[in-house]
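Participant: got a predicted structure plus its sequence, pasted below:
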Amino acid sequence: MPAPPAALSHVLGYRDFRQFLGGRFAAGLVMQMQSVAIGWFLYDRTGDPLVLAYAGLAIFVPIALFTLPGGDIADRFDRRWILGAAHLIQSVCGALLVILAITASTEARLFYAVLALSGTARAFSGPAVQSFTPFLVPRPQLANAMAWGSSVNQTAMILGPAVGGALYLFGPMVVFGVCAGLSLVVATAMLTLRTRIAIVPPDASTTAFTRAVSGFRYVRRQPLVFGSILLDLFAVLLGGITALLPIYARDILAVGPDGLGLLRTSMAVGAVSTALLLANLPAERHRRTGVMMFVGVALFGVTIIVFGLSTNFVLSLAMLALMGAGDMMSVFVRNSIVQLATPDDMRGRVSAVYMLFVGASNELGDFRAGLAAAWFGTLPAVLLGGVSTLTVVALFAWLFPGLRRIDRLTDVTPRPGS
């Protein structure tokens, strides 16, 4: 890859990387705005935590089914076309939600169907987007590029819920309409990237199934990758509380849909602040990164417990901000490990495994949280999540000592023969 001019030697000096970040930012806005609007719409009309659980499940199922095939496709076809098609489908989903909002439909199954279509698009776009960054910047700048990617995602998480909650005051159809339009912008951004990646034809003797499973085999043989992915999987699956925020906003803190947007935003404020700090640190300052990952997950668990006990809106915002900061510490290390320990010809398939375990855990965690709230009550569900997260940290620190010992991320490389 040719270097940019000296004045633009920063990762943002690469034109395609800037455009890619812009597309990811708009896609993040869509996801957050849509999530806030659907969560409030369904819970406000039903008062049933189970609808929030099933909304998460509707997204999780297609992600679980199609992410591995999506990884194989990402390694075999132009990622630009994959991403363009996926976001066109997301635009269609936004349009369908507009229709449901205009007709004032309270039939939850129709919303679940649209969410399932959106989840299918995410299953194919996730591996493609996750594995694209290493081809847009030189390897020595990859860790900083990953941090910038996390910063952009978290900035979208700051603005998306707040904007979504504010727009909802004018009606849910406004939020969904904006999501449909932004998705078209994302599709255009991805389709007009200039970077072309040489595709290595797969062995004719292999099948799509064996190629997809090869991603699992590779991850399993890389202890650092395997441990970091599993750590996040169980922490988010057992501790995630995002699905319960509409309940806190309406029933416990009494702050309305705009308050729900602020709750979602505060988590992202802590995350993006941490991501920007990490993105602007020189690579040589990234030390004891393995310990940092465990500390981040532990902070995530502690703040879940305090948030669950809080009935004060300001304290709840503060805890969510710290929760986001802890999560970002873990995300920064984990994302870098996965990309640095993966060879180019395996990036799509390994990213698919990553998205399946990490990305889908958010939706499955939402299902778990909603189900636990319906069975045991909201507060017990949140407290159980926080305690479970801390237990996971202690267990994984013992099971994967190699993760604790990681010092510099640049020392992480693919294992020969894996």
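Facilitator: Arrived safely. What you are looking at is a predicted structure, and each value in this text was computed from that prediction instead of being measured.

Participant: only C-alpha atoms from now on, for both contacts and neighbour counts.
Facilitator: Fine.

Participant: how many other residues sit next to Val314?
Facilitator: A count of nearby residues for Val314, using other Cα atoms under 10 Å, gives 12.

Participant: any idea of the mean pLDDT for the strand or helix carrying it?
Facilitator: Element membership of Val314 [criterion: DSSP states H and E] is helix 313-340. Averaged across helix 313-340, pLDDT comes to 84.

Participant: which strands and helices sit next to that helix?
Facilitator: helix 142-168, helix 223-239, helix 256-279, helix 289-309, helix 347-354 (3 or more Cα pairs under 8 Å, 6 or more residues apart in numbering; DSSP states H and E).

Participant: just the angle for the second one relative to helix 313-340, thanks.
Facilitator: In terms of direction (axes from the mean of the first three to the mean of the last three Cα atoms, to 10 degrees), helix 223-239 departs from helix 313-340 by 150 degrees.

Participant: and the next helix or strand past helix 223-239?
Facilitator: Next along the chain after helix 223-239, taking DSSP H and E as the criterion, comes helix 245-247.

Participant: how far off centre is that following helix?
Facilitator: 20 Å (Cα atoms, centre = their mean, to the nearest Å).

Participant: residues in contact with the residue nearest to Val186 when sequence neighbours are not counted?
Facilitator: Among residues not flanking Val186 along the chain, Gly23 sits closest, at 4.8 Å (Cα to Cα, 6 or more residues apart in numbering). Applying Cα atoms under 8 Å, 6 or more residues apart in numbering, we find Gly23 in contact with Val185, Val186, Ala187, Ala189, Met190.

Participant: same thing with Phe176?
Facilitator: Neighbour list for Phe176: Gln34, Ala37, Gly94, Ala95, Leu97, Val98 [criterion: Cα under 8 Å, 6+ apart].

Participant: let me know the closest of those residues to Gly256.
Facilitator: The closest of the contacts of Phe176 to Gly256 turns out to be Ala37 (Cα to Cα; 11.9 Å).

Participant: any idea of the mean pLDDT in the helix or strand hosting the closest one?
Facilitator: If you go by DSSP H and E, Ala37 is part of helix 15-46. For helix 15-46, mean pLDDT rounds to 85.

Participant: how about the helix holding Val314: buried residues?
Facilitator: The neighbour-count check on helix 313-340 (16 or more other Cα atoms under 10 Å) flags 313, 316-340 as buried.

Participant: just how off-centre is that helix within its chain?
Facilitator: 11 Å.

Participant: report the angle between the axes of that helix and helix 142-168?
Facilitator: With the same axes, to 10 degrees defining the directions, helix 313-340 sits at 140 degrees from helix 142-168.

Participant: and helix 313-340 with helix 256-279, angle?
Facilitator: Orientation of helix 313-340 against helix 256-279 (the same axes, to 10 degrees) gives an angle of 40 degrees.

Participant: now do helix 313-340 against helix 289-309, angle only.
Facilitator: Using the same axes, to 10 degrees, the direction of helix 313-340 lies 150 degrees away from that of helix 289-309.

Participant: next, the angle helix 347-354 makes with helix 313-340.
Facilitator: Per the same axes, to 10 degrees, the angle that helix 313-340 makes with helix 347-354 is 140 degrees.

Participant: burial measure for the closest residue to Ala166 other than its chain neighbours, as a count.
Facilitator: Distances taken as Cα to Cα, 6+ apart place Asp258 nearest to Ala166, at 5.5 Å, with adjacent residues excluded. The local packing of Asp258 (other Cα under 10 Å) involves 19 other residues.

Participant: quick one: Asp258 from Leu159, how far?
Facilitator: According to Cα to Cα, to the nearest Å, Asp258 and Leu159 sit 12 Å apart.

Participant: ditto for Val225
Facilitator: For Val225 relative to Leu159 (Cα to Cα), the value is 31 Å.

Participant: repeat that for Phe300.
Facilitator: 21 Å.

Participant: would you confirm that Gly56 contacts Asp366?
Facilitator: Yes. Counting by Cα atoms under 8 Å, Gly56 touches Asp366, with 5.4 Å between them.

Participant: what's the average pLDDT for the helix or strand encompassing Phe216?
Facilitator: Per DSSP H and E: Phe216 is located in helix 208-220. Averaged over helix 208-220, pLDDT sits at 71.

Participant: ok, back up a step: tell me the angle the helix holding Ala37 makes with helix 256-279.
Facilitator: Using the same axes, to 10 degrees, helix 15-46 lies at 150 degrees relative to helix 256-279.

Participant: show me which residues of helix 15-46 are buried.
Facilitator: Buried residues in helix 15-46 (16+ other Cα under 10 Å): 16-43.

Participant: what's the first helix or strand after that helix?
Facilitator: Next element after helix 15-46 (DSSP H and E): helix 49-76.

Participant: same for the helix or strand following that following helix, what does it pack against?
Facilitator: The first helix or strand that comes after helix 49-76 along the chain, using DSSP H and E, is helix 79-102. Secondary-structure packing of helix 79-102 (3+ Cα pairs under 8 Å, 6+ apart): helix 108-130, helix 172-191.
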